[in-house]
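1. Give me a model of this one.
(chains A and B)
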Amino acid sequence: MMDNIYLPKIGRIAGIEEETQGGRAIKTFKVEFPDGDGFEHACGQCAMLSIFGRGESMISIASSPLVKDYKQFSIMRMGRVTTAFHEARIGDLIGIRGPYGNQFPLDDWKGRDLVFIGGGVGLAPIWPVIQTAVARREEFGKITVFYGARTSRDIMYKADFERLKGSADVQLSVDAPEAGWPAYVGFVPANLMDKAPSPDNAIAVTCGPPIMIKFVIQNLGQLGFADEQIYTTIENKMKCGVGKCGRCNVGKDYVCVKGPVYSWAELKSLPQEY
Amino acid sequence: MEKILAKEKLRDWVASLQGCEVHGPAFADAVWNYAKAEGDIDLRHTNTVGSVKAFAFPQREVFFRFEHKRGERPSLVPTLPEPRPTVVFGVRPCDGRGMPRNDTVFSKEFKDPYYWARRDKLILVGLACIEPHSPNCFCQAAGGSPCSEEGLDILMTDLGDRYHVRGVTAKGIEVMERGRDAFKEASGGDQAAVAKAHEAACKEPQRTFGDLVAIPDAIRRNFEAPLWDEMARHCIGCGICTFLCPTCHCFDINDEVSSPGKGERVRTWDNCQFPDFTLHTSGHNPRDNLGMRLRQRVSHKFLYFVENHQTQQCTGCGRCISECPVGIDIAAVLERVSQS
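-> The predicted structure is shown next:
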């Protein structure tokens, strides 16, 4: 019999971390598979999460594939489903299907410098590749992580960043001046130009709000990064996750299947509908 | 297999299909549409307003029923359809050609079990268009023909007092064999009459829009041109073009709740002409205006589908032209794109 691609597995919320508060609150959920039917995933892939009666949402898997016991998802409170997640408690059972999409070609990047540039909740989709690169630290050159949020209160993964500082050059920023803020003040693309990482033998990976991605890519080009050295992940609206429902397409590609990970060289050849 | 069916024997053939669900065109509320056939089938229809896709891809499909109380394990009951063999009469060749395109969509990468549960039981009995059934048809410009067998299990051709009936697939031949007593052998004269009827049908005037093979390049060339905005300006985003289309397959998935914690996860047709179709939860919308949405509908059918599957995702039925309340005309759009 054919697999029922729309029937979710059962996931159990095993942990909830409050990342940021306020109108754009982010919570990180650890999801286990109580039936023992969990799946392997690759860096960059997504899963369709659901709360029965509220609906489904496609969410990036934010944990490294090296973590086998659970999957982690960082969810900003925005619409009906994400709000339902923010109302969930530890032990709640949810629906989960996936994994969907392609992956960051991390194995092709061995021996190279890695520059990660994240903004807001857009850090979550590239977090697994950061975590995996750090776990396999000796395989890569210099690792730099740029991350910016509106204010210091909007910075996610604060504790993880402290740990990350041992293995990577961490460059944080906030959009506007704040008393006591020790790092850069200004938008992420400007921080990138300020630190000016070298494009030599490097790969840059970025995700954030569309406007940030646009200027980050522009600035990477100015720094001498070739289109093939720049990767991003396109988080279009999705409903099915299996290349049929028709709304996540960018040109001929259904992002849920052919994406979400693209090099800028690939993405440039597609219509700008993301 | 080629046979002749006297018109008054159609009823006998239908009667032989016991155990099957039989549908055919029926005229009600001023339109032709498919309906369950009782006894005879009226094949004097133009084209049905709704396309044949709904037999495999209904407008609303329940994926599963759920019941979930907090702290308890959710119960999920899949509702995979288990239809009887379903024979649909009077399918126009444009709709027939739509089905292999839908089969591709519901197969590639992931097979869709709901679609295939219905599709595997579907037998399409086509009827050649001896004359165009609408002033907006363009099956030949779209690469088909008014007597195309593509996607059909059987093709019938009206020869005045009788039908010529050709079994195209094994499924179709089986359905013909069940009604074998109703048929006569086709003579050489019958075969000549069918060939002549098909030849004449292909000469009937239809809409045209230039060279089909050149369309993908024409769309690429005009991708950023203002013509999309100009031609979409009067669109009211009603979505009738995609709902009636034999190949439009976009859908939404939602939870419909009947009482707290209890409900169904449901697929319903959706539409790329709706402004919220691509709207991100952040408010960002990759296709945030009418021109981009018209360009998407046309490009999906005549560019992206060609790039992915080497064929157009439009079979020229003309429904989206005939039924558009504001007169948006895909053949005119294509003609303008071709010439720009």
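
2. Every contact and neighbour count from this point should use C-alpha atoms.
-> Fine.

3. Residues of the stretch 51-200 of chain B that sit close to chain A?
-> Residues of the stretch 51-200 of chain B lying close to chain A (C-alpha under 8 Å from any C-alpha of the partner chain) are B:63-64, B:66-68, B:70-74, B:78, B:105-106, B:109-113.

4. Let's see which of those end up in helices.
-> The helices, defined by DSSP state H, take in B:105, B:113 from those.

5. Filter the residues of the stretch 51-200 of chain B next to chain A down to the buried ones.
-> For those, a neighbour count by 16 or more other C-alpha atoms under 10 Å in any protein chain shown gives the buried set as B:63-64, B:66-68, B:74, B:78, B:105-106, B:110-113.

6. In the stretch 101-250 of chain A, what residue comes closest to chain B?
-> With C-alpha to the nearest C-alpha as the measure, residue A:245 is the residue of the stretch 101-250 of chain A nearest to chain B, at 4.5 Å.

7. Return the backbone torsion pair for that residue.
-> Here the main-chain torsion angles of residue A:245 (degrees, to the nearest 10) amount to phi -80, psi -20.

8. How about residue A:174?
-> phi -120, psi 150.

9. Can you pull the poorly scored residue ranges out of chain A?
-> Counting by pLDDT under 70, the ranges of chain A that qualify are A:1.

10. Quick one: list the elements packing against the longest strand seen in it.
-> The residue-count maximum for a strand in chain A (DSSP state E) belongs to strand A:9-20. Judged by 3 or more C-alpha pairs under 8 Å, 6 or more residues apart in numbering or on different chains; DSSP states H and E, the packing partners of strand A:9-20 are strand A:26-32, strand A:93-100.

11. which stretch among those comes nearest chain B?
-> strand A:93-100 (6.9 Å).

12. List of residues touching the closest one?
-> Defining contact as C-alpha atoms under 8 Å, 6 or more residues apart in numbering or on different chains, one finds that strand A:93-100 is touched by A:5-13, A:39-41, A:45-52, A:241-242, A:256-257, B:70-74.

13. picking that back up, can I get the helices and strands packed on strand A:9-20 in CSV with mean neighbour count and distance to residue B:223?
-> Formatted as CSV, the helices and strands packed on strand A:9-20 follow (neighbours: other C-alpha atoms under 10 Å in any protein chain shown; distance: least, C-alpha to C-alpha, whole Å):
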stretch, mean neighbour count, distance to residue B:223
strand A:26-32, 23, 38
strand A:93-100, 23, 30
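
14. quick one: contacts for residue B:190?
-> Going by C-alpha under 8 Å, 6+ apart, residue B:190 touches B:4, B:164.

15. Next: the one 4 residues further on.
-> Applying C-alpha under 8 Å, 6+ apart to residue B:194 gives the contacts B:157, B:159, B:164.

16. Assign it to helix, strand or coil.
-> Under DSSP: H, G, I helix; E, B strand; the rest coil, residue B:194 falls in the helix class.

17. buried set for stretch A:79-95?
-> Quick answer for stretch A:79-95 (16+ other C-alpha under 10 Å): A:81, A:82, A:84, A:85, A:86, A:88, A:89, A:91, A:92, A:93, A:94, A:95.

18. I'd say the fourth one and residue A:51 touch.
-> Going back to what we said before, that points to residue A:85. Yes. Assessed by C-alpha atoms under 8 Å, residue A:85 is found in contact with residue A:51 at 7.4 Å.

19. Flag every residue of chain A that's near chain B.
-> Taking C-alpha under 8 Å from any C-alpha as the criterion, chain A approaches chain B at residues A:2-7, A:52-56, A:78-79, A:91-93, A:236-237, A:239-240, A:242-248, A:251-252, A:272-274.

20. Excluding sequence neighbours, find me the nearest residue to residue A:193.
-> residue A:219 (6.7 Å; C-alpha to C-alpha, 6 or more residues apart in numbering or on different chains).

21. for that neighbour, helix, strand, or coil?
-> Of the three states, residue A:219 takes helix under three-state DSSP.

22. what sits against it?
-> Contacts of residue A:219 by C-alpha under 8 Å, 6+ apart are A:189, A:192, A:193.

23. Tell me, domain by domain, which residues of chain A belong where.
-> Following automatic domain parsing, chain A resolves into domains at A:9-100, A:106-233.

24. Packing partners of the helix or strand encompassing residue A:266?
-> Assigned by DSSP states H and E, residue A:266 falls within helix A:264-268. If you count contacts as 3+ C-alpha pairs under 8 Å, 6+ apart, helix A:264-268 packs onto strand A:230-233.

25. what helices or strands is the strand it packs on leaning on?
-> Using 3+ C-alpha pairs under 8 Å, 6+ apart, the elements in contact with strand A:230-233 are strand A:202-207, helix A:210-222, strand A:261-263, helix A:264-268.

26. residues near the residue of the stretch 101-250 of chain B found nearest chain A, how many?
-> Going by C-alpha to the nearest C-alpha, chain A is nearest to residue B:250 of the stretch 101-250 of chain B, at 4.5 Å. A count of neighbours around residue B:250, defined by other C-alpha atoms under 10 Å in any protein chain shown, yields 20.

27. mind listing what it touches?
-> Here residue B:250 is in contact with A:244, A:245, A:246, A:247, B:269, B:270, B:271, B:272 (C-alpha under 8 Å, 6+ apart).

28. Can you lay out those as CSV showing distance to residue B:42 and secondary structure?
-> Formatted as CSV, these follow (distance: C-alpha to C-alpha, whole Å; DSSP: H, G, I helix; E, B strand; the rest coil):
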residue, distance to residue B:42, secondary structure
A:244, 35, coil
A:245, 35, coil
A:246, 36, coil
A:247, 39, coil
B:269, 29, strand
B:270, 31, coil
B:271, 32, coil
B:272, 35, coil
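
29. Can you flag the buried ones in those?
-> When the contacts of residue B:250 are checked for burial by 16+ other C-alpha under 10 Å, the buried set is A:244, A:245, A:246, A:247, B:269, B:270, B:271, B:272.

30. so the fifth one makes contact with residue B:53?
-> The one in question is residue B:269. No. Using C-alpha under 8 Å, residue B:269 makes no contact with residue B:53, being 11.4 Å away.

31. which ones are touching residue B:274?
-> B:237, B:238, B:239.

32. just to revisit the earlier point, adjacent strands (with direction) for the longest strand of chain A?
-> Applying DSSP bridges, strand A:9-20 is found paired with strand A:26-32 (antiparallel), strand A:93-100 (antiparallel).

33. residues of it that come out buried?
-> Buried-residue list, strand A:9-20, by 16+ other C-alpha under 10 Å: A:9, A:10, A:11, A:12, A:13, A:14, A:16, A:19, A:20.

34. Looking at the contacts of strand A:93-100, which are in strands?
-> Short answer: those in strands (DSSP E) are A:9, A:10, A:11, A:12, A:13, A:46, A:47, A:48, A:49, A:50, A:51.

35. For the fourth one, which residues count as its bridge partners?
-> As for beta bridges, residue A:12 partners with residue A:32, residue A:93 under DSSP bridges.

36. which residues touch it?
-> A:31, A:32, A:33, A:34, A:90, A:91, A:92, A:93, A:94.

37. ok, it to residue A:71 distance?
-> Per C-alpha to C-alpha, to the nearest Å, residue A:12 is found 10 Å from residue A:71.

38. Overlap in contacts, the two.
-> A:31, A:32.

39. Kindly state the pLDDT recorded for the residue of chain B positioned farthest from its centre?
-> For chain B, the residue at maximal distance from the C-alpha centroid (C-alpha atoms, centre = their mean) is residue B:71, at 44.9 Å. Residue B:71 is assigned a predicted lDDT (pLDDT) of 83.
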